[in-house]
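> this one's sequence-less:
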């Protein structure tokens with residue numbers, strides 16, 4: 001499905017032609033091609049072009065998912081976030097998404113280079129941006145999160161393979177090491193936090209025993 005005719009004329013991806021073909025048409029065609037033909041799609045991505053286009057695509061998709069999710073949960077918003085109001089929540093989400101994609105692309109790119117990737121960081125960033133094309137699937141109740149996550153991995157792996165001229169195995173390894181590193185970091189954080197809490201609880205128990213008056217202690 002992703003094979004190309006070497007004699008065919010390579011045209012830019014739809015999102016890069018949105019001024020000519022229309023915003024919503026370009027959006028839909030980009031989502032469809034990235035999701036169903038990622039190899040062909042990324043072979044036409046201009047990695048040397050401006051980053052504005054891919055990033056606008058990523059933020060548009062991600063903020064749309066956020067707003068719909070917020071709308072569904074607006075009746076019972078999280079207690080910790082309710083005092084912030086929708087404006088501040090939107091701003092925090094934008095900052096989280098902004099930092100998140102650059103950080104994710106940076107970590108993934110380290111593994112990409114380790115596995116012999118040919119292009120630079122901006123190419124990996126563009127792959128991560130367009131891989132968000134299927135993020136709206138996460139809005140499907142129950143299984144949406146799993147479906148969108150697996151599909152995004154599929155798109156990202158194909159993008160890394162094509163743009164960085166890697167084998168499929170190397171692209172899979174480079175991308176999947178990212179969640180492994182995240183899980184290790186989270187595991188270390190949880191382990192350290194649990195140890196510190198246990199140490200504090202033990203210290204409080206010792207202090208309570210020392211401070212207990214002799215008269216209050218039961219007679220043997």
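Sure, I can see it. Computed from a predicted structure; not experimentally measured.
> for the rest of this, base every contact and every neighbour count on C-alpha atoms.
Will do.
> just name the shakiest helix or strand of this protein by mean pLDDT.
helix 168-211 (a mean of 79; mean pLDDT, DSSP states H and E).
> now do the strands in this structure.
Applying DSSP state E to the chain gives no strands.
> in it, what spans have low per-residue confidence?
Scanning the chain for pLDDT under 70 picks out 1-11, 72-87, 89-90, 210-220.
> tell me where it has helices.
Assigned by DSSP state H, the chain shows helices spanning 18-21, 23-36, 38-43, 52-72, 85-114, 121-130, 144-163, 168-211.
> mean neighbour count added to these, as a markdown table?
Formatted as a markdown table, the helices of the chain follow (neighbours: other C-alpha atoms under 10 Å):
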| stretch | mean neighbour count |
| --- | --- |
| helix 18-21 | 12 |
| helix 23-36 | 17 |
| helix 38-43 | 23 |
| helix 52-72 | 16 |
| helix 85-114 | 16 |
| helix 121-130 | 24 |
| helix 144-163 | 21 |
| helix 168-211 | 13 |
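> and the ones you listed as CSV, adding distance to residue 137?
Putting those into CSV (distance: least, C-alpha to C-alpha, whole Å) gives the following:
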stretch, distance to residue 137
helix 18-21, 23
helix 23-36, 11
helix 38-43, 17
helix 52-72, 9
helix 85-114, 18
helix 121-130, 14
helix 144-163, 5
helix 168-211, 20
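> returning to what we had before: the least confident helix or strand of the chain relative to helix 85-114, how many degrees between them?
120 degrees (axes from the mean of the first three to the mean of the last three C-alpha atoms, to 10 degrees).
> check which helices and strands helix 168-211 sits against.
Under the contact definition 3 or more C-alpha pairs under 8 Å, 6 or more residues apart in numbering; DSSP states H and E, helix 168-211 sits against helix 85-114, helix 144-163.
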